[in-house]
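# Structure for the following, please:
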Amino acid sequence: MAKKPQASEPSLDASQPELQQPEEPQAPAPSSIDDEINNISIASLTLDTPLIPLRKKPPRVPATPFHFLSLPTELRIKIYEYYFEDDDEVIDLSPQNYKRIHKKLGLMRVCKLLHKEATYYYYGTRTFRIFPTYPGKYFKTKRPLLARLKPRQRECLTTLELRLGPGWNAPPKGWAVNEALGLGDCVRVRKVRVLVECDPSDNIFKGFRRSNGFYEGFSQKLLADVLAALPAVAEVEFDAWSSVKKSGAMMSGLIKVASEAKGVAVRWGPERGWTDADEDEEATVAGSDPNRPLESVPIPGFENLHGILVEA
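Residues are numbered from 1 along each chain as shown. Next up, the predicted model:
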């Protein structure tokens, strides 16, 4: 019986050639770093993306620095003026100082020359309040703003402000002139502004004031101590809110204190627009006729020159 032909099995004879699998094409070895970068970029892209070789960016040349100190002093002062223009004209002790002022003062840490110029400009062009009026702990603090400044900073001050009225029934204990306040260091202060917010001698305060004449006497002593402690003060500028009369006990007492200070001229601020020739205001200076107008009251050592009291 004939046998069915069987499928031939693969021979294990070494003489027969082996079947070889087709080799996968291999990428040529990169010839340089640029070729490696191109291969990486090609592998990361799809077939539809055009192949654009990566190119190295040229090194960035640093810009030439601006030499601020090479500018004339006048231009640097103008830049300081622009830099500090958003700050208030009157500086008081308040919690907003850290955000509005403290960070800007970092400019003074750049170098000694810039520290000297910026300090001289900033502290010399602003009015600093002697005693704080911000409500709360700042109002009752024993360390007013002047006491927190350094002696070099106080030496640059030119104008101080004394605001009277807050705490008229119970003034804070920190409102006192002493060595810690540092008025002796204010050798360039020529002007003291006195702004009166209220007059407790007015009838509207009757029944609420501590005693008759208490705050008026306190204010007069405070102003006298301030003027005595300043080495070079030459001018006291009075101003007040609309409810305060120049002929009242508060204002007339303060004017008398300023007029008795040696070498101090009395002037009027822009808020009320007072002058020495006011006809509708009558002032009472201690020891004078209450019916006599202020301009007719003689002030020892001073004379009226074009509406301004000047030293004779």
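# Could you use CA atoms for every contact and neighbour count after this?
Noted.
# This protein: helices as residue ranges?
33-43, 73-83, 97, 112-124, 145-148, 151-155, 214-229, 249-260 (DSSP state H).
# most tightly surrounded among these?
helix 249-260 (a mean of 21; mean count of other C-alpha atoms under 10 Å).
# and the angle for it with helix 214-229?
Orientation note: helix 249-260 sits at an angle of 20 degrees relative to helix 214-229 (axes from the mean of the first three to the mean of the last three C-alpha atoms, to 10 degrees).
# Tell me how many other residues crowd A170.
Residues lying near A170 (other C-alpha atoms under 10 Å) number 11.
# circling back: mind putting the helices of the chain into JSON lines with mean pLDDT?
Shown next, in JSON lines, are the helices of the chain (pLDDT from 0 to 100):
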{"stretch": "helix 33-43", "mean pLDDT": "52"}
{"stretch": "helix 73-83", "mean pLDDT": "89"}
{"stretch": "helix 97", "mean pLDDT": "83"}
{"stretch": "helix 112-124", "mean pLDDT": "90"}
{"stretch": "helix 145-148", "mean pLDDT": "94"}
{"stretch": "helix 151-155", "mean pLDDT": "94"}
{"stretch": "helix 214-229", "mean pLDDT": "96"}
{"stretch": "helix 249-260", "mean pLDDT": "95"}
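# Quick check: which of those is nearest to D239?
Comparing the helices of the chain by their distance to D239 (C-alpha to C-alpha), the top pick is helix 249-260, with 9.3 Å.
# counting contacts, what elements does the closest one pack onto?
Packing partners of helix 249-260 (3 or more C-alpha pairs under 8 Å, 6 or more residues apart in numbering; DSSP states H and E): helix 214-229, strand 265-268.
# Restrict it to CA atoms and write it as CSV.
Extracted as CSV, the C-alpha positions of helix 249-260 are listed here (Å, rounded to 0.1, in the frame of the first residue of the first chain):
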residue,chain,number,x,y,z
ALA,A,249,-9.3,131.5,74.9
MET,A,250,-7.5,128.7,73.1
MET,A,251,-6.1,130.7,70.2
SER,A,252,-5.4,133.9,72.1
GLY,A,253,-3.4,132.0,74.7
LEU,A,254,-1.3,130.2,72.1
ILE,A,255,-0.7,133.4,70.1
LYS,A,256,0.6,135.0,73.3
VAL,A,257,3.0,132.1,74.0
ALA,A,258,4.4,132.3,70.4
SER,A,259,4.8,136.1,70.6
GLU,A,260,6.7,135.9,73.8
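# Show me how far it is from its chain's centre.
Relative to the chain's own centre, helix 249-260 is displaced by 33 Å; criterion: C-alpha atoms, centre = their mean, to the nearest Å.
# cool, and stretch 112-122?
When C-alpha coordinates are averaged (C-alpha atoms, centre = their mean), stretch 112-122 and its chain have centres 15 Å apart.
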